[in-house]
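1. quick one, fold the following:
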Amino acid sequence: MMFNQLRNNVILITGGAGFIGSHVVRRFVNQYPNKHIYNLDSLTYAGNLENLKDIETAPNYTFVKGDITDVAFIEDLFKSYRFTGVVHLAAESHVDRSITDPVSFVMTNVVGTVNLLNAFKSIWKDDFKGKRFYHVSTDEVYGSLGESGLFTETTSYDPNSPYSASKASSDHFVRAYGETYGMPYVISNCSNNYGPNHFPEKLIPLFINNIINEKPLPVYGDGNYTRDWLYVIDHAVAIDLAFHTGKNGETYNIGGFNEWKNIDLVQLLCSLMDKKLNRPTGKSAHLITYVKDRPGHDLRYAIDASKINQELGWKPSVTFEEGLEKTIDWYLGNQEWLDQVTSGDYQEYYIKQYT
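-> Predicted coordinates for the structure are as follows:
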């Protein structure tokens, strides 16, 4: 059954002050002025309301500070606003952090997801017509690929890190609530995102920041790990489509059709940054430093996004080179934002993780 978007007028987006979430919130607020968008975020280190300054006064937007692991809070929130749709992005998402603190990932990614499912089920009971719970997941739940092949929606789960295990578990709970309670849901599994507002613990914003400050570029292992890269604004468009026009009970893989080995990506980034900063060619590449590999490091991820392309008409709007240039330009034009998010606790984390 196709989703009846006309009845879905009160939408909760969790994790909406984070990287992907802020782009999804912005798109929904701007695209659907007759729908009220509630942004729920606990504003941990990676959540930043500065990401949404341009829409914070929109009449159809409300920010709510809160934690999805707080059962009583979540129940009261759903009773107060009776959300007809949920787009669930709130998650602990950094693999390195999951290795040092796996319990936090279990609490947020698994328990937090179940809290939301329970609250959604409680307020609507058996009246799910025109409602939808959309769960945003990752390609990492599928494990690691060899040199060939692609992840499809039917690939068996084989998570290798505490982060991917926690996301795999949350995916299973969403499906279980659909089968057991008849809850209408959609799941999407995306490849690595990049773009504006990305917190600089992840590869691309971390290296942009380090190149600006002429700091070492820590590359894990031999640098031959391969990832599929997806421009975050394209991802927000895909989420919009899947939420509003996808089929209940379906999974959609969202990828950029865009595989890069880490070392090749870093060298391209160095070359572009040298040009943008008017530095001699090759200067940034001298900052590349190989560091000890992390445990359970998956060799290759690659998404087959043909299903969402064929069924919903979605495809990436930019090439990787175009998206990377847009991303670099954004960071160079928003140095104050970058300085703000890389102060304090982040510095302690960076030293612990990479030196």
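2. what comes up buried for stretch 135-148?
-> By neighbour count on 16 or more other C-beta atoms under 10 Å, the buried set for stretch 135-148 is 135-145. (Glycine included, C-beta is placed from N, CA and C.)
3. now swap in stretch 102-112 and tell me
-> Buried-residue list, stretch 102-112, by 16+ other C-beta under 10 Å: 102, 104-106, 108-112.
4. so how far does it reach from one end to the other?
-> Terminal residues of stretch 102-112 lie 14 Å apart, using C-alpha to C-alpha, to the nearest Å.
5. now do that stretch: distance to the chain's middle.
-> Remark: stretch 102-112 is offset 16 Å from the chain centroid, using C-alpha atoms, centre = their mean, to the nearest Å.
6. what do you get for stretch 154-166?
-> Taking mean C-alpha positions (C-alpha atoms, centre = their mean), stretch 154-166 and its chain are 16 Å apart.
7. got the CA coordinates for that stretch in PDB?
-> Output of stretch 154-166 as PDB, limited to C-alpha atoms (Å, rounded to 0.1, in the frame of the first residue of the first chain):
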ATOM      1  CA  THR A 154      18.400  -8.500   0.400                       C
ATOM      2  CA  THR A 155      22.000  -8.800   1.400                       C
ATOM      3  CA  SER A 156      22.400 -10.700   4.700                       C
ATOM      4  CA  TYR A 157      23.400  -8.700   7.700                       C
ATOM      5  CA  ASP A 158      26.900  -9.200   9.000                       C
ATOM      6  CA  PRO A 159      28.000  -6.300  11.200                       C
ATOM      7  CA  ASN A 160      31.600  -6.100  12.300                       C
ATOM      8  CA  SER A 161      31.700  -3.100  14.700                       C
ATOM      9  CA  PRO A 162      29.700  -2.200  17.800                       C
ATOM     10  CA  TYR A 163      28.300   0.700  15.800                       C
ATOM     11  CA  SER A 164      27.100  -1.500  12.900                       C
ATOM     12  CA  ALA A 165      25.800  -4.100  15.300                       C
ATOM     13  CA  SER A 166      23.700  -1.500  17.100                       C
END
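8. what mean pLDDT would you report for it?
-> Stretch 154-166 shows a mean pLDDT of 95.
9. what are the contacting residues of it?
-> Residues outside stretch 154-166 that contact it (C-beta atoms under 8 Å, 6 or more residues apart in numbering) are 92-95, 97-99, 102, 105-106, 108-110, 138, 140-144, 167-168, 171-172, 295-296, 298.
10. what about these, which are in helices?
-> 95, 97-99, 102, 105, 167-168, 171-172 (DSSP state H).
11. where exactly do the helices run in this structure?
-> Counting by DSSP H, the chain has these helices, from start to end: 19-31, 71-81, 95-100, 102-105, 112-124, 162-181, 203-212, 232-245, 262-276, 306-312, 320-333, 335-341, 345-354.
12. now, of those, which is deepest in the fold?
-> Counting by mean count of other C-beta atoms under 10 Å, helix 19-31 has the highest mean neighbour count of the helices of the chain, with a mean of 23.
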